[in-house]
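structure for this input, please:
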Amino acid sequence: MRINIKFLQTGGVPLTNDLMDLLQDAYSIFNVLGEVAGHLTILSGCTITGQSVSPGIVAINGDVLYFEGGLISSSVYIHTAQITKTFQDQTDKILVEKKTVKFGLSTPDNMWNWADFKRLDTIKVIMEKLEEAATQLDLTDIKKRLEVLEMKTAPIRNDGVVMIWPRNTPIPLFWKECTDLRGRTPIGYDPNYIYNSTIHALDYQLNQMGANIGDLSHKLIVAELAKHGHSAFVNNDWGGAYPSVIHSTGGNMGYGIVGGGDNGWSFSVRPEGGDKPHNNVQPSKVVLFIEPNFP
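Numbering: from 1, shown residues only. All right, here's what the predicted structure looks like:
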């Protein structure tokens with residue numbers, strides 16, 4: 001609706017109630033700007049300088065209102081001034097309700113945080129930003145790439161990965177040492193592993209996640225020695241002739257010692273080895289194992 005009232009005429013323009021109502025309808029159209037801008041929007045003015053705000057125009061709940069400005073406060077409210085006039089019948093009635101936005105306090109339903117007001121860009125600025133903004137194709141491509149990235153980094157995001165940190169420097173932010181692997185080397189999980197005492201020295205528990213196996217060093221026991229022979233030395237304890245050595249041809253093949261009389265002979269096998277544990281560590285480098293520690 002467009003209204004053009006021709007006041008500049010001779011003969012006296014009749015300022016009737018219906019004409020005033022028409023005028024009110026005409027300027028109420030401007031409240032559409034408040035609906036377009038949105039709730040708690042700065043349409044013009046309201047420039048902050050130091051601790052003060054200049055007057056301006058704001059939109060609150062779809063109404064376009066004058067803001068009087070002043071010293072900055074945390075909240076604003078709508079002040080309604082009722083202006084009374086004396087009518088022709090000599091009665092005083094409220095003729096005008098003037099609404100102004102001010103800094104200050106009021107009832108909860110008539111008070112808003114000043115920090116929640118947002119300045120509305122001009123249409124030109126909005127168009128420039130739209131031209132610089134990503135297109136739907138760009139957003140679709142970014143979405144696909146993010147989905148791939150999330151899929152690839154899922155073990156990290158779900159605290160299911162351990163990484164090597166070989167430097168003697170602080171661990172990166174949002175990571176921590178994986179203390180479960182201190183002094184240990186990871187070995188692959190094998191769900192098909194079955195312990196076999198014939199071929200396995202011990203049960204390596206490869207089918208149990210988190211099992212701790214192995215030793216830094218190991219001292220061999222007799223059962224773990226390979227089959228082997230030893231050289232023997234016969235001690236001449238009494239100074240007589242050395243005994244003769246005979247070879248058995250019976251069921252148990254071997255050699256024996258005869259002679260020596262009542263004095264007898266002692267037979268010993270020279271001991272070998274230092275009786276110490278042997279190294280059980282493969283060629284290694286000491287590092288830190290770290291795992292995610294995301295907030």
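
switch to C-alpha atoms for all contacts and neighbour counts from now on
Fine.

wasn't Lys144 part of a helix?
Yes: when DSSP: H, G, I helix; E, B strand; the rest coil is applied, Lys144 is found to be in a helix.

how about it, what does it touch?
By Cα atoms under 8 Å, 6 or more residues apart in numbering, the contact set of Lys144 is empty.

quick one: pLDDT of it?
pLDDT recorded at Lys144 is 93.

measure how buried the residue lying closest to Phe103 once chain neighbours are set aside is and give me the count.
Nearest non-adjacent residue to Phe103, counting by Cα to Cα, 6 or more residues apart in numbering: Val76, 4.2 Å away. Counted by other Cα atoms under 10 Å, the residues lying close to Val76 total 21.

make sure I have this right: Val76 is in a strand.
Yes: counting by three-state DSSP, Val76 is located in a strand.

ok, now how distant is it from Asn113?
Counting by Cα to Cα, to the nearest Å, the gap from Val76 to Asn113 is 6 Å.

check Lys93 too.
34 Å.

cool, and Asn192?
Distance of Asn192 to Asn113, computed by Cα to Cα: 66 Å.

same question, Trp175
40 Å.

quick check: Phe67 touching Gly56?
Yes: look at Phe67 against Gly56 with Cα atoms under 8 Å: they come within range, at 5.1 Å.

so what's Ser44 bridging to?
Beta-bridge pairing for Ser44 (DSSP bridges): Ile57.

assess the claim that it and Val53 are in contact.
No: in this structure, Ser44 is not within contact of Val53 by Cα under 8 Å, at 11.9 Å.

those two - which one has more neighbours?
Per other Cα under 10 Å, whichever of Ser44 and Val53 has more neighbours is Val53, with 19 against 16.

residue boundaries of the helices in the stretch 1-150 of the chain?
Secondary structure of the stretch 1-150 of the chain by DSSP state H, counting those that start in this stretch: the helices cover 17-28, 32-37, 123-132, 136-152.

what's the offset of the second one from the middle of its chain?
In terms of Cα atoms, centre = their mean, to the nearest Å, the centre of helix 32-37 is found 40 Å from the chain centre.

kindly report the same for the third one.
On the basis of Cα atoms, centre = their mean, helix 123-132 sits 34 Å off its chain's mean C-alpha point.

thanks a lot, catch you later.
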